[in-house]
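> please find the sequence and the predicted model below.
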Amino acid sequence: MPYQARLNPSLPRAQAHAAPWARSMGMLEGSGVWEEADLDAHGYPLLCAYTHPDAAPEALDTVTDWYVWVFFFDDHFVETFKRTGDIAGAEAYLDRLPLFMPRDGSPMPEPGNPVEAGLADLWGRTAPRMSPQWRERFFESTFNLLQESMWELHNINAGRVANPVEYIEMRRKVGGAPWSAGLVEFANGTEVPDAVARSRPLRVLKDAFADAVHLRNDLFSYQREITEEGELSNGVLVVERFFGYGPQRAADTVNDLLTSRLHQFEHTALTELPPLFEEYGLAPDDRARVLAYAQGLSLIHIS
């Protein structure tokens, strides 16, 4: 890991805020997914304090709530649909969630479960503070994260393990790192200028960032996901099955790929951003926002 970890001084505030917010959304006692002890053990405020060390106190609270929400969604989806194989129920459940992310500020329906309640609250706290262009990008990444859960569910039901190329491509959506990248813009007040948001260098930065985050997660989560949750969406397992490797050799191969993605991230940030600034004639303030965004992504690498 090439970057030094730093801790946001507002961590105690975020820790005090997380459980009351989750409880108010119905995510704790009675949810059938988490109790408060589970939330405390997961440590999302600590995660966010490391990944967003420069966020203001209120922004850190909001980002922490987003991470509480997305991990609750993941566990709720596992318990409700992946363990049961209920594809029809999962599709109906996912079809409603975009209604709680209105890009134009239109009214939302009444939430029917903790995931809907949390999303409605967070969208209302976040979207008005960002540009319409950011809202479109964040809606897209959140929608992909939610909808691509069906890809995982279909694979589980079919007992199918993806090939490495398909896995990396799909994991960039379902793994949620592009979604995390959008929160970097919000947390640090460094919204990327829309003119360059979809340019090649920024897409490479986001993809390299996503691959590194997801592959590292696969290394640490391998045993839990494969032996306890019945998951098939794990890079170590993909390499095992595709190449016929044992678990340790597969893990070493995934780690080599992770390292290569970190090198790609650094190379792009150092060599492709300066020409991008000149090509688009970005003003100094816009250049500073892009650089701060890249730095924000780099900090998540060490979380």
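On my side now, so go ahead. Because the structure is predicted, anything quoted here is derived from the model rather than measured. Numbering: from 1, shown residues only.
> how about low-confidence regions in this structure?
Scanning the chain for pLDDT under 70 picks out 1-3, 301-303.
> got the phi and psi for residue 27?
phi -90, psi -10 (degrees, to the nearest 10).
> residue 255 too?
The phi/psi pair for residue 255 (degrees, to the nearest 10) reads phi -70, psi -40.
> what's the answer for residue 84, then?
phi -100, psi -20.
> strands of the stretch 101-250 of the chain, residue ranges please.
Here the stretch 101-250 of the chain has no strands by DSSP state E, counting those that start in this stretch.
> where do the helices sit along it?
Assigned by DSSP state H, counting those that start in this stretch, the stretch 101-250 of the chain shows helices spanning 114-126, 132-147, 149-158, 164-174, 177-187, 194-197, 200-223, 235-243, 247-271.
> nearest to residue 108, out of those?
For the helices of the stretch 101-250 of the chain, proximity to residue 108 was assessed by C-beta to C-beta; helix 114-126 is nearest, at 5.2 Å. C-beta here means a position set from N, CA and C on the backbone, and glycine is covered the same way.
> go ahead and flag the most central residue of the chain.
Residue closest to the average C-alpha location in the chain (C-alpha atoms, centre = their mean): residue 176, at 3.1 Å.
> residues contacting that residue?
Taking C-beta atoms under 8 Å, 6 or more residues apart in numbering, we find residue 176 in contact with 70, 141, 145.
> again, only this time at 7 Å
Residues in contact with residue 176, defined by C-beta atoms under 7 Å, 6 or more residues apart in numbering, are 70, 145.
> quick check: the gap between it and residue 214.
Computed as C-beta to C-beta, to the nearest Å, the residue 176 to residue 214 distance reads 8 Å.
> next one: residue 16
According to C-beta to C-beta, residue 16 and residue 214 sit 31 Å apart.
> tell me which of the two has more neighbours.
Neighbour count, other C-beta atoms under 10 Å: between residue 16 and residue 214, residue 214 has more, with 22 against 11.
> was I right about that one contacting residue 171?
Yes. Between residue 214 and residue 171 a contact is recorded at 4.8 Å, counting by C-beta atoms under 7 Å.
> contacting residues for the nearest residue to residue 264 once chain neighbours are set aside?
Counting by C-beta to C-beta, 6 or more residues apart in numbering, the nearest residue to residue 264 once its immediate chain neighbours are dropped is residue 208, at 4.5 Å. Each residue near residue 208 by C-beta under 7 Å, 6+ apart is listed here: 261, 264, 265, 268.
> what do you get for residue 226?
Neighbouring residues of residue 226 by C-beta under 7 Å, 6+ apart: 234, 237.
> how close does it get to residue 43?
23 Å.
> related to what we said a few turns ago, nearest to residue 287, out of the helices of the stretch 101-250 of the chain?
Evaluated with C-beta to C-beta, the helices of the stretch 101-250 of the chain place helix 194-197 nearest to residue 287, the distance being 9.9 Å.
> contact partners of that closest one?
For helix 194-197, contacts defined as C-beta under 7 Å, 6+ apart pick out 133, 137, 202, 276, 280, 290.
> what residues sit buried inside it?
Residues 196, 197 are the ones in helix 194-197 that count as buried (16 or more other C-beta atoms under 10 Å).
> now that helix: how far from the chain's centre is it?
21 Å (C-alpha atoms, centre = their mean, to the nearest Å).
> likewise for stretch 207-222?
Chain-centre distance of stretch 207-222: 11 Å, with C-alpha atoms, centre = their mean.
> now that stretch: buried residues?
Going by 16+ other C-beta under 10 Å, stretch 207-222 has these buried residues: 207-219, 221-222.
> ok, stretch 239-259 next?
Of the residues in stretch 239-259, 239, 240, 241, 245, 250, 251, 253, 254, 255, 257, 258 count as buried by neighbour count, 16+ other C-beta under 10 Å.
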